[in-house]
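Visitor: Turn this into a structure:
(one chain, ligands or ions: 1)
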Amino acid sequence: MRLTFPPGFRFGTATSSYQIEGAIEEGGRGPSIWDTFSHTPGKVLNGDHGDIACDHYNRWPEDIALLKTLGVSAYRFSIAWPRVLPTGLESTPNPAGLAFYDRLVDALLEAGIEPWVTLYHWDLPQTLQDQGGWPDRSIVEHFVRFSDVVSRALGDRVGHWITHNEPWVVAMLGHETGAHAPGIVDKGKALAAAHHVLLSHGAAVPVIRANVPGAKVGITVNLCPAVPASPSDIDAEATRRYDGYINRWYLDPLYGRGYPEDRIAAHVEEGWLESPELPFLQDGDLETIAVERDFLGINYYSRAVIRGAEDGNLPRTVFTLPKASMHTDFDWEVQGNSLYDILCRLHTDYGEKEIVVTENGCAYSDGPDESGCIADTRRTVYLRDHIVACHRAIEEGVPLTGYFAWSLLDNFEWAEGYSKRFGLVWVDFETLERRPKDSYFWYAKTIASGVDPWSL
Ligand code: IFM
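Guide: Below is the predicted model of the structure:
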């Protein structure tokens with residue numbers, strides 16, 4: 001029996017500009033922090049970069065045709081800031097940059113697909129980085145101007161806007177661990193960056209609303225349900241710390257609760273902050289961040305099973321991979337139930353009125369067999385279990401209105417380069433040929449007639 005979704009529920013796919021567009025020097029685009037980072041030896045696996053990626057900048061008609069055949073009703077993509085404002089400082093936008101997104105939006109609408117725009121999916125103009133980037137408060141103003149330019153240009157046709165993708169990743173992978181661009185390793189800067197991402201979201205929302213009457217505006221957070229490995233106090237404490245670090249540090253201020261006290265104390269104890277005074281916080285910031293949104297976007301991939309170590313450096317957290325679980329090429333545990341749990345938590349603990357799963361998917365390397373077919377059964381199982389979890393949450397009253405599979409195409413997976421394939425469509429990175437995988441056909445059927453919990 002197939003489980004069907006409420007009328008109006010959207011099934012879509014998601015991508016981001018740097019991961020698929022390529023054409024880094026076409027149409028007047030300026031350099032971004034990811035151009036710099038990926039061309040710095042040792043930063044990205046195999047020295048991969050997004051210079052060509054999927055060449056979506058030139059091949060977008062083919063990609064829209066793939067979306068149309070798939071049958072999605074919505075497509076989430078991001079705007080490359082340095083295509084529109086090559087240095088971030090121009091007083092007028094780059095017409096060729098805007099024209100690219102103009103054509104894309106028109107073609108999506110023509111195909112009957114609703115465009116969902118993400119404003120920031122990590123490709124900051126390098127010039128703005130040189131002026132301090134996200135750790136510097138001046139970035140807020142720049143982001144608001146970028147949001148203004150793009151929403152004025154596309155707002156007559158785009159109704160759904162996501163200010164930021166995954167503030168935790170921008171702040172922590174970019175500035176705490178340095179695994180992502182701009183590659184900074186500085187905990188104080190990481191916290192400042194996180195604050196300015198949230199603040200710029202709050203400041204941009206009214207600007208987008210003013211430019212786009214009736215706009216639906218949200219932000220996308222990556223959430224990772226944290227589960228203790230045992231009932232011990234030490235595991236419970238490590239789990240609470242981790243939840244504060246990755247989930248509540250972003251959710252609480254967005255819901256008007258300010259930064260969580262227990263995590264502020266942990267930040268002091270772990271040496272992120274000298275005192276509980278947050279040096280980047282100014283009067284009115286928390287009100288700005290808690291601006292009313294129309295929806296919360298969540299990206300969910302896996303949960304974290306946490307063991308607190310008795311000794312070692314704070315936060316004394318060890319991640320364990322349950323032996324009996326399936327896991328992806330990233331070693332992320334496949335756990336559809338945790339998607340259900342986090343959806344319920346947003347509904348009951350935070351009272352969210354509309355949730356959209358803006359990304360969910362898995363990395364598996366399956367490629368064409370001798371007959372040319374791509375039997376990526378593990379991806380189908382992953383998608384099936386997570387879509388069933390969404391259905392269960394809706395049945396229990398969670399206001400979930402959409403699901404976007406990550407990703408339409410295999411693409412540039414950041415620090416992992418092209419080694420991790422998340423696509424429903426295989427991309428040959430030599431020839432740029434696209435070839436739908438079995439999961440693409442499975443997803444098409446699910447979109448058309450609901451999810452079969454036993455299907456493969
Ligand atoms: O590829 C990324 C995407 O850019 C942001 N969310 C997670 C995906 C998989 O790692």
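Visitor: in the stretch 201-350 of the chain, which spans are strands?
Guide: Applying DSSP state E, counting those that start in this stretch to the stretch 201-350 of the chain gives strands spanning 216-222, 226-228, 295-299, 304-308, 317-320.
Visitor: list the helices and strands the shortest one packs on?
Guide: Secondary structure elements in contact with strand 226-228, counted by 3 or more CB pairs under 8 Å, 6 or more residues apart in numbering; DSSP states H and E, are helix 233-243, strand 304-308. Heads up, the C-betas are built off the backbone N, CA and C, glycines and all.
Visitor: out of the ones you listed, nearest to Leu109?
Guide: With distances scored as CB to CB, the stretch of the helices and strands packed on strand 226-228 nearest to Leu109 is strand 304-308 (39.6 Å).
Visitor: How about residues contacting that closest one?
Guide: Outside of strand 304-308, the residues that reach it under the criterion CB atoms under 8 Å, 6 or more residues apart in numbering are 224-230, 232, 234-239, 242, 246, 316-322, 333.
Visitor: mind listing what the residue lying closest to Arg303 once chain neighbours are set aside touches?
Guide: In space, not counting the residues next to it along the chain, Arg303 is nearest to Ser338; the distance is 3.9 Å by CB to CB, 6 or more residues apart in numbering. Contacts of Ser338 were listed using CB under 8 Å, 6+ apart, and they are Pro225, Val227, Tyr300, Ser302, Arg303.
Visitor: ok, Ser338 to Ala226 distance?
Guide: Here the criterion is CB to CB, to the nearest Å. By it, Ser338 lies 10 Å from Ala226.
Visitor: coming back round to it: confidence score at the residue nearest to Arg303?
Guide: The per-residue pLDDT reported for Ser338 equals 97.
Visitor: Likewise for Ala448?
Guide: According to the model, Ala448 carries a pLDDT of 98.
Visitor: Output the set of residues of the protein in proximity to the ligand.
Guide: Ser16, Gln19, Glu166, Asn299, Glu359, Trp406, Glu413, Phe422 (CB under 6 Å from any ligand atom).
Visitor: Met1 contacts Ser449, doesn't it?
Guide: No: the criterion here is CB atoms under 8 Å, and Met1 misses it with Ser449 at 11.1 Å.
Visitor: Which one's more surrounded, those two?
Guide: When Met1 and Ser449 are compared for neighbours, Ser449 comes out ahead with 10 against 7, by other CB atoms under 10 Å.
Visitor: And for the more buried one, nearest residue in space, chain neighbours not counted?
Guide: Closest residue to Ser449 in three dimensions, ignoring its sequence neighbours and counting by CB to CB, 6+ apart: Arg2, at 5.6 Å.
Visitor: quick revisit: now render the residues of the chain next to the ligand as JSON lines, adding pLDDT.
Guide: Shown next, in JSON lines, are the residues of the chain next to the ligand (pLDDT from 0 to 100):
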{"residue": "Ser16", "pLDDT": "99"}
{"residue": "Gln19", "pLDDT": "99"}
{"residue": "Glu166", "pLDDT": "98"}
{"residue": "Asn299", "pLDDT": "98"}
{"residue": "Glu359", "pLDDT": "98"}
{"residue": "Trp406", "pLDDT": "99"}
{"residue": "Glu413", "pLDDT": "99"}
{"residue": "Phe422", "pLDDT": "98"}
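Visitor: Those in strands, which ones?
Guide: Residues of the residues of the chain next to the ligand located in strands (DSSP state E): Asn299, Glu359, Trp406.
Visitor: dump the residue contacts of the last one.
Guide: To tie it back to what came earlier, the one meant is Trp406. Contacts for Trp406 were tallied using CB under 8 Å, 6+ apart; they are Thr13, Ala14, Asn299, Glu359, Asn360, Gly361, Phe422.
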